[in-house]
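S.K.: Here's a sequence, model it:
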Amino acid sequence: MEPSPTRFQPAPPALVRFALATCCMVVASAAFAAELMLEVIDLQHRLVRDMIPLLQPLLAPGGTLTGTSNQLIVRSTRENLAEIKDVVASVDTRVKQLKITVTQDLSAVQDFAHDGLSGELAAGDFGVSVPSTEPGNITLGIDWEQGGARYHTTRTRSQEDSNTVHFVTTIEGQPAYIATGQVLPYSYENATATPYGVQVDRGVTYAQASSGVYVTPQVQGDRVILDVAPQLERVDPHGSGAIGTYATTTTVSGRLGEWIALSGATSGAGGSTSELLARTRRQGDNSYTVWVKVEEQQ
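M.R.: Got it, this is the predicted structure:
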């Protein structure tokens, strides 16, 4: 008995489409890979670690970018390589060395005013006395047989001005920090209740106030763009040991060699108290300004 002939079974249409698509993808990938070119780009001034984050978003799909020492290793299409080399040529320029000077000005004014009456009056075995709560810079009075009356007035103004100047030399694009410090003593007194009575601890400690500024410069022609974060700390001049902090963060631009205004702040506080035949008023104003200047070092 002879075997029956084998019949040809056609492949399912879905399998045929899958095979054709796979072949097309393989051919396209091979063609794209053949289009990618490898090139080594020498850097003259900039660092590889600074250039890679800048160039990575510019790579064509499938391209790669690495680096070693002062060389960039790029694998991409011919057109993309030309674009990347143009960017490198515009960025890989001589790094400028810059001198950055920052000045911080602080002005504080305190006004104090007091007006009051005091006196005494006697009548036989009885008498009334109103003492003064404030000695006064000026006292005017009148006396008579049964007593007297006095008018006391005080006017004082205290003003404190400080100017802090910092400077540092850095290279373009790199953040720089300028710091100064001030250490001032102040006395303290602490009372603690114990089984044996109240124990008083007295001594002297020190408060440290620091001033400084972070600056990151970028030069474009004769202009400079600055990311700036200055901070000023000031010890309370009245000896409490408290430290006031003034700070700001900003981005500014201006011409090289010219002073650029960064920030300013003003604050004021006041109040008054009234007593029997007396009144006291206090007023304080503070102002804070910051300026910066960038100069190119040859």
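
S.K.: could you point out which element follows the lowest-mean-pLDDT helix or strand in the chain?
M.R.: Ranking every helix and strand in the chain by mean pLDDT, DSSP states H and E puts helix 13-35 at the bottom, with a mean of 54. Going down the chain from helix 13-35, the next helix or strand is strand 37-42, by DSSP states H and E.

S.K.: The helix or strand just after that next one - what's its average pLDDT?
M.R.: Sequence-wise, the next helix or strand downstream of strand 37-42 (DSSP H and E) is helix 48-55. For helix 48-55, mean pLDDT is 90.

S.K.: got it, and stretch 116-127?
M.R.: 74.

S.K.: residues contacting the closest residue to Pro175 other than its chain neighbours?
M.R.: Distances taken as Cβ to Cβ, 6 or more residues apart in numbering place Thr216 nearest to Pro175, at 4.4 Å, with adjacent residues excluded. In short, each C-beta sits where N, CA and C put it, glycine included. By Cβ atoms under 8 Å, 6 or more residues apart in numbering, the contact set of Thr216 is Gly173, Gln174, Pro175, Ala176, Leu226, Asp227, Val228.

S.K.: rerun that using 7 Å as the cut-off
M.R.: Residues near Thr216 by Cβ atoms under 7 Å, 6 or more residues apart in numbering: Pro175, Leu226, Asp227.

S.K.: Make a PyMOL selection of whichever of the residues you listed turn out to be buried.
M.R.: Selection command for PyMOL covering only the buried members of the contacts of Thr216, criterion 16 or more other Cβ atoms under 10 Å:
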select buried, resi 226
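
S.K.: tell me the SS of Thr192?
M.R.: strand (DSSP: H, G, I helix; E, B strand; the rest coil).

S.K.: For it, grab the count of nearby residues.
M.R.: Using other Cβ atoms under 10 Å, Thr192 has 9 other residues around it.

S.K.: go on, Ile178?
M.R.: By other Cβ under 10 Å, neighbour count at Ile178 equals 19.

S.K.: So it versus Ala89, what's the distance?
M.R.: Ile178 is 34 Å from Ala89, where distance means Cβ to Cβ, to the nearest Å.

S.K.: Same question for Val252.
M.R.: In terms of Cβ to Cβ, Val252 sits 29 Å off from Ala89.

S.K.: Compare those two (neighbour count), which wins?
M.R.: Val252 (14 against 11).

S.K.: so what does the strand or helix carrying the more buried one touch, helix or strand wise?
M.R.: Under DSSP H and E, the secondary-structure element containing Val252 is strand 250-255. Packing contacts for strand 250-255, counted by 3 or more Cβ pairs under 7 Å, 6 or more residues apart in numbering; DSSP states H and E, involve strand 223-235, strand 259-275.

S.K.: partner strands of it, parallel or antiparallel?
M.R.: strand 223-235 (antiparallel) (DSSP bridges).

S.K.: State the mean pLDDT of the strand it pairs with.
M.R.: Here strand 223-235 scores 74 as its mean pLDDT.

S.K.: What of stretch 176-189?
M.R.: 60.

S.K.: If I take the host helix or strand of Trp291 and strand 259-275, what angle do their directions form?
M.R.: Per DSSP H and E: Trp291 is located in strand 278-297. Interaxial angle, strand 278-297 versus strand 259-275 (axes from the mean of the first three to the mean of the last three Cα atoms, to 10 degrees): 170 degrees.

S.K.: For strand 278-297, name the packing helices and strands.
M.R.: Using 3+ Cβ pairs under 7 Å, 6+ apart: strand 278-297 touches strand 97-123, strand 223-235, strand 259-275.

S.K.: Tell me where the model's unsure across the stretch 151-298 of the chain.
M.R.: 179-189, 197-198, 200, 202-212, 230-248, 276 (pLDDT under 70).

S.K.: what about the strands in the stretch 51-200 of the chain?
M.R.: In the stretch 51-200 of the chain, the strands defined using DSSP state E, counting those that start in this stretch lie at 64-68, 71-76, 97-123, 126-130, 138-144, 147-171, 176-194, 197-220.

S.K.: what's the closest of these to Ser274?
M.R.: Closest to Ser274 of the strands of the stretch 51-200 of the chain, according to Cβ to Cβ: strand 97-123, at 10.2 Å.

S.K.: what's the angle between the closest one and strand 138-144?
M.R.: 0 degrees.
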